[in-house]
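Engineer: pasted the sequence and its predicted model underneath.
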Amino acid sequence: MILEKSNYQWYAVYARANSEKKLLDNLQEKNIECYLPMRKVLKYWSDRKKWVEEPLFKCYIFVKVSYKEFYTVLSTTGAVCYVSFGGRAQSIPENQITNIKTFLAQSEHEITVSHERIERGVSVEVLHGSFKGIKGEVINILGQSRLLVRIDSMNCSLYANIERDEVKLIEGKQISKVRALA
């Protein structure tokens, strides 16, 4: 009898409102690999201001599961459903999760999450600086060059400011778009 190695993939799970951290704890108790991207945000009240940590994607948590743990996640308190299209849960490529982790590790850059449809930019790879190794797109927003990473399965994008000399064009892309970097 031959046992197949389980195929683990990343999925986004929709969590009940404001219960992402509790769902993270519940999944970790079940020994399920999960990731909740957090960012620090300055919150203002009438009498004070304070830095607080909040989820980068509200109501979402990422899990890396095989078929064996797939339904265990859904039976966990706080989990609602998998992000799906056409009634089928959509897996997220490992490199997109790695890009999210790399983006968040760079505390000197302000990271923006956008659910707007952003026009395609020039495909690049970052050679220097804090985003070294990330492959994404360079786009212009309000006259500034931004590094954009798309997360297609969640229909959103992350972007941050980047210097033009930190990137190189990925070969095989349209020459006409090279002017966008000039």
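Structural biologist: That came through fine. Residues are numbered from 1 along each chain as shown.
Engineer: the lengthiest helix in the chain: what's the following helix or strand?
Structural biologist: Using DSSP state H, we find that the single longest helix of the chain is helix 94-105. Later in the chain than helix 94-105, the nearest helix or strand by DSSP states H and E is strand 112-114.
Engineer: what's in contact with that following strand?
Structural biologist: Under the criterion Cβ atoms under 8 Å, 6 or more residues apart in numbering, residues Leu56, Phe57, Cys156, Ser157, Leu158, Tyr159, Ala160 lie in contact with strand 112-114. In this view, the C-beta of every residue, glycine as well, is placed from N, C-alpha and C.
Engineer: from the residues you listed, which two are the most distant?
Structural biologist: Greatest spacing in the contacts of strand 112-114, by Cβ to Cβ: Phe57 and Ala160 (15.6 Å).
Engineer: still on that earlier bit, so for the longest helix of the chain, what's the average pLDDT?
Structural biologist: For helix 94-105, the mean pLDDT works out to 85.
Engineer: doesn't Ala15 make contact with Phe62?
Structural biologist: No. Counting by Cβ atoms under 8 Å, Phe62 does not reach Ala15; the two are 10.8 Å apart.
Engineer: looking at the two, which one has more neighbours?
Structural biologist: Ala15 (25 against 21; other Cβ atoms under 10 Å).
Engineer: Ser91 and Tyr8 touch, don't they?
Structural biologist: No. Between Ser91 and Tyr8 there is no contact under Cβ under 8 Å: 9.9 Å.
Engineer: where do the contact lists of those two overlap?
Structural biologist: Shared contacts of Ser91 and Tyr8, defined by Cβ under 8 Å, 6+ apart, are absent.
Engineer: centroid-nearest residue for the protein?
Structural biologist: Geometric centre of the chain, nearest residue: Ile100, 4.1 Å, by Cα atoms, centre = their mean.
Engineer: burial count for the spatially closest residue to it that is not a sequence neighbour?
Structural biologist: Residue nearest to Ile100 in three dimensions, not counting chain neighbours: Pro37, with 5.4 Å by Cβ to Cβ, 6 or more residues apart in numbering. For Pro37, the number of neighbouring residues by other Cβ under 10 Å comes to 19.
Engineer: I figured Pro37 hits Glu53, correct?
Structural biologist: No. Counting by Cβ under 8 Å, Pro37 does not reach Glu53; the two are 10.5 Å apart.
Engineer: beta partners for Gly136?
Structural biologist: Note on Gly136: beta-bridge partners Val124, judged by DSSP bridges.
Engineer: related to what we said a few turns ago, any idea of the pLDDT on the residue nearest to Ile100?
Structural biologist: For Pro37, the predicted pLDDT is 92.
Engineer: now do the same contact list for His115.
Structural biologist: Counting by Cβ under 8 Å, 6+ apart, His115 has contacts Asn155, Cys156.
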